[in-house]
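Asker: Got a sequence here, can you model it:
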Amino acid sequence: MVDPTQRPNEFSVRLRADLTPRLWRDAVADRPGPGSVLVLPIADERATCGLKFSDVLPDNLAAATVFARLADVGGARQVLDDRISFRLV
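Answerer: Below is the predicted model:
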């Protein structure tokens, strides 16, 4: 859904150019209900290396730590549950 060439920020996420309202509805409809697990992004190796004690943390624990600090799971759920409208800019 998200354009892989763009970096999201705290104000916006750029979606893929080929995304249509139908594709969005299908993807959201396939999503399990409230309380389901959201897929977290892949942690950048630079972010995990920047952690204090990163040299003694297993890679998966370092990535989970970065996710816990950066992910806004509540905000993501709210966005998925909100009413949407498509606008071409």
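Asker: Look through the protein and report the residue furthest from the middle.
Answerer: Here the chain reaches farthest from its C-alpha mean at Val56, the gap being 26.8 Å by Cα atoms, centre = their mean.
Asker: residue contacts, Asp59?
Answerer: Thr48 (Cβ atoms under 8 Å, 6 or more residues apart in numbering). Just so you know, the C-beta spots here come from the backbone N, C-alpha and C atoms, and that holds for glycine as well.
Asker: That one and Leu40, how far apart?
Answerer: Asp59 sits 15 Å away from Leu40, going by Cβ to Cβ, to the nearest Å.
Asker: And the strands in the chain?
Answerer: In the chain, no strands are defined using DSSP state E.
Asker: what about it, any weak spots by pLDDT?
Answerer: Residue ranges of the chain with pLDDT under 70: 30-37, 88-89.
Asker: which residues of it fall in helices?
Answerer: 21-30, 45-49, 59-70, 73-81 (DSSP state H).
Asker: That's all I had, so thanks and see you.
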